[in-house]
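*Asks:* Based on what follows, work out the 3D shape:
(chains A and B)
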Amino acid sequence: MTDVVIAAYRRSPFHLAQKGGLAKVRPDEMAAQVVRALVAETGIDPATIEDLVMGCAFPEGEQGLNLAKLVAFVAGLPESVAGATVNRFCGSSMQAVHQAAGAIRMGAGDAFLCCGVESMTRVPMMGFNPMPHPGLAQDYPQAYVSMGETAENVAKLHQVPRAEQEAFAVRSHQKAATAQREGRLEAEIVPIEAGGKRVAQDGCIRPDTTAETLAGLRPAFRAEGTVTAGTSSPLTDGAVALLVCSADYAKAHGLTPLARVKAVAVAGCGPEVMGMGPVGASAKALARAGITARDLDVVELNEAFASQALACMRELGLDEAKVNLDGGAIALGHPLGATGARITGKAAQILQRQGGRYALATQCIGGGQGIATVLEAV
Amino acid sequence: MDGTLVAAATARTAPAIRKVGVVGAGVMGAGIAAQVANAGVPVVLLDIVPGGAAKAIERMLKTDPAPFMHRGAARLVTPGDVGTDLALLSDCDWICEAIIERPDAKRELYAKLEGVRQPGSIVSSNTSTIPLAALTEGLGDGFAADFLITHFFNPPRYMRLLEVVRGPQTRAEAVAAITAFGDRTLGKTVIPCKDRPGFIANRIGGLWMQSAINRAFDLKLTVEEADAVMSRPLGIPKTGVFGLLDLVGLDLMPHVAASMKATLPAEDAYVLGLREHDVILRMIAEGRTGRKGKGGFYTREKGPAGESLKRAIDLWTGEYRASEKAQLESLSLRDLRALAEHPDRGGRYARAVLLDLLGYAASLVPEIADSVADVDAAMRLGYNWKYGPFELIDRLGAAWLAKALAEDGRPVPPLLRQVGDGSFYRVQAGTLEYLGTDGGWQAVPRPEGVLLLADVKRRTTPLARNGSASLWDIGDGVACLEFHTKMNAIDPGTVELLGKAVALGKKGTIKALVIHNEGEQFSVGANIGLALFAANIAAWGEIEGLIEQGQKAMLALRNAPFPVVGAPSGMALGGGCEILLHCDAVQAHAESYIGLVEVGVGLIPGWGGCTAMLRRWAENPRAPKGPMPPVAKAFEMISTAQVAKSAFEAKDMLLLRQTDGITFNRDRLLADAKAKALSLVEGYAPPEPKPLRLPGETGRVALAMAVRQQQALGRVTPHDIVVCEHLAQTLTGGRKDHTEETTEAELHALERRSFMALLKTPATLARVEHMLETGRPPRN
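*Replies:* Model prediction:
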């Protein structure tokens, strides 16, 4: 049976929703520019691509109408390339990788573009028409719990004090700022043409973030809470693309894989503590890979909130020295549907850059679940 | 911005001003630039300090009350530096200078302007103290012909007075162009002034402040007593004199005094009355310069329980003490002369200040202005007085004043002697006239195109009238419905007259209706005092009947076979807003503050306001599709009692339509509204509203989730949640499903049901009661 590899990883710069440099760019256009650059970089014949799988958390409006197939058109891919939009909220584009991996393993295609996009400027979180099930809302209100509320629940339940969350957020910004300064982010970023301007750099990172500035912020979700805008990932616009293919395909096309997909998993949890989703999912994926957390050399753990990232690291026994080496979502931003592909690509990239054998990419998902991918060096 | 309206307003003027430059980005210069931008005219703002202009724009975007009517207006202001960007002024039609009050600095700037400005452009100074002759000295005849003084009042957006001073060489066309631009585009009342120190308003206003301070010391009044006398009884804003000083800054006084002393003759009453008060000098030295400093004559301190306590200064010790409401018998008198004749210190104070003020004002015509009418207009608009000095003299009696002055051994000005026991104003054949300096009567002039309801009312009798409202014939078959209750609150009488207006239209007596009044506020909404009274006696049936009648009146207005145009200025809240929502069109004064604020008193809009806002959002082509966006938008706006802070903001909030007009000059509002109404007459057909598709239960749940997030943040009170629940039920169509149509009648029934349910809650009644007592909604 053929191995599944991550053969290429590119993304747009990530920018703050509303006030950032990508606010005026349609998400389909943004994603297409990234896809076009990825395809050009790999030099593959796009006709060999089976499917473009696009993760998107709120696939409506400019992200609607089966965005994946439309992006394929905008990117100038041949008509033979299929397109599917997948939705697992924040886990959407990691789900795209999982679907592609499964398909490759069962011989249902050799090469897949696994993408993700979210313009949180142009399609609001909750969508334009939130219409919850009244009965469910009545009987099981946590099904619709707000994300900020879950961050507070996790902070309380797992005893993550505010100062600890803020120290973590400061570290995230420092790591991201250092990576940016040292040019470690350049290779992955596709500059986006936005209304005659070229947006080439990340826009969310605040290198001057200090514990003092964060300590002055007011709680963002609960009057007496500990979670602030500074310890939450910001609303972000961005797009990501990966080339996921069989090892044979990579070899045939002269591609150097970043990493091999070793094992994947999803797992549900209580919606009110959705931030803990990575724990169950990672445990399953690690078990399926036949390794333990101690075997990991690189971890990408999505920072939806500092509280859940810290609690998950603790629960999973992760060493922070190996986690989010180029910064996490608190600093870089979290364009919901695009994040899963980013952290999978980033984990593969760092594994290749640093050496070592195993990497884990994992994230929490609103509504109560987690998703995880174990990668192995090639 | 409403570009078409602005274009129309300026098209009628001879040399149009299409681009403006302002030099000096201090409070005045920046504020003038903002008002030009508000009117949709591009403006260059330069400052001497590099980067100062850009900073001023930033600062103004955060200032409250806002100099900009709309954030977009800021984009019309191009900032620059005097040192490097003077060339930006080369295509400006008018360059307004507002730099430091030093003649040499101003002349130096003008010399530079001569190198860049285009031929025929106009240069003006916003100086408040420097004579025009001193400004044009040595700059040549060409400059002098293009130069004049344009004196704005602070803040330039809100103060309606613009004093214009022309020099002997100023071109008539330049004066005409600035007058037209100031009037039609910037919305100011332009008053021509003579080139005398302080022009009109600050000359008289300054003397008044000086007198009011001196006399308070002389007659030993507390600051509260002085302000109580120097406000409502004279028709002066409630800040009185000491409160006003706190507002403008105590440190301004010595500057004004010095400049007046330097420019006025030594025997002028202003100069003779100049006095320094140790307490005030000490306050300035200690930085207690008013609201911008560490407190002023009044200050607020935290009490033991963290509550805010009002403190006032003791004028003799300079120490703060608890503020006490003035208790003077004279203050209970309604008649101004009775007040001035009352023997207590309030009465003696009123008499002394009135004699100073009115004697001085009467001595200054024609020195500072051509007419008493100009002086009165300047004081009303520049100081927000209800009456100008000559109107005050008419209230007191000119003969009484002359006698009182003589009794005190003070000179009686010739103008006052000339009036004798007559008056300065009279109404002759329906026209308001003033007494000219030649002894002849002249009509109080109205600029071309101005139509004032006050003038209409002088010459006609109403078509219909009751205690709450009147219906006036404003010519060409158009009627004007005027509210005249306290704050123009809407009561059954108002609703009755709305019905009468519609009936007259149906009979063909009128062919269009304008709803307008000249009160400070268009309408603050339904009279909640009546609702509270009815609730206290549990007259629920009657209340529900009133709501239903109101809804019917709104529909009758909208469905009437003739066009109805609302013309608000000031606040249009609650029911006042609902009336506008049911008009065919609105011509709004730029300074209109519109909103559905019912939740503040624990209620929801019950006269079709919920229904109308849903429809506005549902029919907005830019809004996302689906059943939720109109509901969410209306809910957000109504549940937070959002009020538009200008007519432009009201357009963004869909409280006004894109096609509704905006008028900058309040005196031109009625004429513009009438023209709008007439333009709709031909081929008029009432609108036919489409039924709505509303989400029902699921929408209510979605809104409740949003409210819960606000609750977690402690931003909503327990009763807010109850009110929001009712609002959500109404806006989502109750038990409707989005596959079904919800009719207007069904929505109106939901509005009534929620309104009644809320009115029966003790917390809502407590809110209404609190609002009536304090003018503010409580947090319960």
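*Asks:* Look up phi and psi at the residue lying closest to B:Ile236 once chain neighbours are set aside.
*Replies:* Leaving aside its sequence neighbours, B:Ile236 sits nearest to B:Trp385 (Cβ to Cβ, 6 or more residues apart in numbering or on different chains; 5.4 Å). The way it works is simple: take the backbone N, C-alpha and C, and place the C-beta from them, glycine included. Backbone torsions for B:Trp385, taken as degrees, to the nearest 10, come to phi -80, psi 150.
*Asks:* Surely B:Trp385 and B:Gly235 touch.
*Replies:* Yes. Using Cβ atoms under 8 Å, B:Trp385 is in contact with B:Gly235, at 5.8 Å.
*Asks:* and the residue nearest to B:Ile236, what is it in contact with?
*Replies:* B:234-237, B:379 (Cβ atoms under 8 Å, 6 or more residues apart in numbering or on different chains).
*Asks:* Please apply the same query to B:Ala73.
*Replies:* B:1, B:34, B:37-38, B:40, B:648.
*Asks:* Could you pull up phi and psi at it?
*Replies:* Torsion angles, degrees, to the nearest 10, at B:Ala73: phi -60, psi -30.
*Asks:* One more: the one 5 residues further on?
*Replies:* For B:Thr78, the backbone dihedrals are phi -100, psi 110 (criterion: degrees, to the nearest 10).
*Asks:* who does it bridge with?
*Replies:* B:Val44 (DSSP bridges).
*Asks:* Pull the number of nearby residues for the residue nearest to B:Gln710 when sequence neighbours are not counted.
*Replies:* Once flanking residues are discounted, B:Gln710 sits nearest to B:Val716: 4.8 Å by Cβ to Cβ, 6+ apart. B:Val716 is flanked by 19 other residues according to other Cβ atoms under 10 Å in any protein chain shown.
*Asks:* My guess is B:Val716 contacts B:Gln709. True?
*Replies:* No. Counting by Cβ under 8 Å, B:Val716 stays clear of B:Gln709, with 9.6 Å between them.
*Asks:* before we move on, what SS does the residue of the stretch 101-250 of chain A at minimum distance from chain B have?
*Replies:* The stretch 101-250 of chain A approaches chain B most closely through A:Ala223 (3.3 Å), counting by Cβ to the nearest Cβ. Classification of A:Ala223 by DSSP: H, G, I helix; E, B strand; the rest coil places it in coil.
*Asks:* quick one: it and B:Val716 touch, right?
*Replies:* No. If you go by Cβ under 8 Å, A:Ala223 and B:Val716 don't touch, sitting 10.7 Å apart.
*Asks:* Please, where are all the strands along the stretch 251-400 of chain B?
*Replies:* Secondary structure of the stretch 251-400 of chain B (DSSP state E, counting those that start in this stretch): strands at B:298-302, B:308-313, B:320-322.
*Asks:* Can you name every helix or strand that the shortest one contacts?
*Replies:* Helices and strands in packing contact with strand B:320-322 are listed as strand B:308-313; criterion 3 or more Cβ pairs under 8 Å, 6 or more residues apart in numbering or on different chains; DSSP states H and E.
*Asks:* Using PDB, write out every CA atom in the strand it packs on.
*Replies:* Output of strand B:308-313 as PDB, limited to C-alpha atoms (Å, rounded to 0.1, in the frame of the first residue of the first chain):
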ATOM      1  CA  SER B 308     -20.600  61.100  42.200                       C
ATOM      2  CA  LEU B 309     -21.200  64.300  44.300                       C
ATOM      3  CA  LYS B 310     -21.700  67.700  42.800                       C
ATOM      4  CA  ARG B 311     -19.600  70.300  44.500                       C
ATOM      5  CA  ALA B 312     -19.500  74.100  43.900                       C
ATOM      6  CA  ILE B 313     -16.900  76.700  44.800                       C
END
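*Asks:* and that strand, how far from the chain's centre?
*Replies:* 28 Å (Cα atoms, centre = their mean, to the nearest Å).
*Asks:* Report the inter-axis angle for it versus strand B:298-302.
*Replies:* 140 degrees (axes from the mean of the first three to the mean of the last three Cα atoms, to 10 degrees).
*Asks:* in strand B:308-313, what counts as buried?
*Replies:* B:311-313 (16 or more other Cβ atoms under 10 Å in any protein chain shown).
*Asks:* what's the neighbour count on the residue nearest to B:Glu697 when sequence neighbours are not counted?
*Replies:* Spatial nearest neighbour of B:Glu697, excluding adjacent residues (Cβ to Cβ, 6+ apart): A:Pro134 at 4.5 Å. Residues lying near A:Pro134 (other Cβ under 10 Å) number 16.
*Asks:* tell me the phi and psi of A:Pro134?
*Replies:* Dihedral angles for A:Pro134 - degrees, to the nearest 10 - are phi -60, psi -40.
*Asks:* Count the residues that sit near the closest residue to B:Lys188 other than its chain neighbours.
*Replies:* Distance criterion Cβ to Cβ, 6+ apart; nearest residue to B:Lys188, sequence neighbours excluded, is B:Leu162 at 3.7 Å. Neighbour count for B:Leu162, taken as other Cβ under 10 Å: 26.
*Asks:* confidence score at the residue nearest to B:Ile236?
*Replies:* B:Trp385 carries a pLDDT value of 97.
*Asks:* Would you quantify the distance from A:Glu164 to A:Met313?
*Replies:* 11 Å (Cβ to Cβ, to the nearest Å).
*Asks:* my bad, A:Thr339
*Replies:* Distance from A:Thr339 to A:Met313, by Cβ to Cβ: 17 Å.
*Asks:* The two: which has the busier surroundings?
*Replies:* A:Thr339 (35 against 21).
*Asks:* just checking, that one touches A:Phe89?
*Replies:* No. A:Thr339 is beyond contact range of A:Phe89, at 10.0 Å (criterion: Cβ under 8 Å).
*Asks:* Which secondary structure state is assigned to A:Ala361?
*Replies:* strand.
*Asks:* Can you pull the residues of chain A lying near chain B?
*Replies:* Residues of chain A lying near chain B by Cβ under 8 Å from any Cβ of the partner chain: A:61, A:126, A:128-134, A:137, A:144, A:146, A:148-149, A:219-225.
*Asks:* Kindly recompute the last result at 7 Å.
*Replies:* A:61, A:128-132, A:134, A:137, A:144, A:146, A:149, A:221-223 (Cβ under 7 Å from any Cβ of the partner chain).
*Asks:* For the stretch 51-200 of chain A, which residues score under the pLDDT cut-off?
*Replies:* Judged against pLDDT under 70, the stretch 51-200 of chain A has no low-scoring part.
*Asks:* CA atoms only: put stretch B:554-567 into PDB for me.
*Replies:* Only the C-alpha atoms of stretch B:554-567 are listed here, as PDB (Å, rounded to 0.1, in the frame of the first residue of the first chain):
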ATOM      1  CA  MET B 554     -49.200  55.600  11.100                       C
ATOM      2  CA  LEU B 555     -50.800  53.400   8.500                       C
ATOM      3  CA  ALA B 556     -53.200  56.200   7.600                       C
ATOM      4  CA  LEU B 557     -50.200  58.500   7.100                       C
ATOM      5  CA  ARG B 558     -48.400  56.000   4.900                       C
ATOM      6  CA  ASN B 559     -51.500  54.900   2.900                       C
ATOM      7  CA  ALA B 560     -52.900  58.400   2.500                       C
ATOM      8  CA  PRO B 561     -53.600  59.300  -1.200                       C
ATOM      9  CA  PHE B 562     -51.100  62.200  -1.000                       C
ATOM     10  CA  PRO B 563     -47.400  62.400  -0.200                       C
ATOM     11  CA  VAL B 564     -46.200  63.000   3.300                       C
ATOM     12  CA  VAL B 565     -42.700  64.300   4.000                       C
ATOM     13  CA  GLY B 566     -41.200  64.300   7.500                       C
ATOM     14  CA  ALA B 567     -38.800  67.200   8.200                       C
END
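*Asks:* how about B:Asp476, what does it touch?
*Replies:* B:Leu678 (Cβ atoms under 7 Å, 6 or more residues apart in numbering or on different chains).
*Asks:* What does it show for phi and psi?
*Replies:* Given degrees, to the nearest 10, the pair of backbone angles that B:Asp476 has is phi 60, psi 30.
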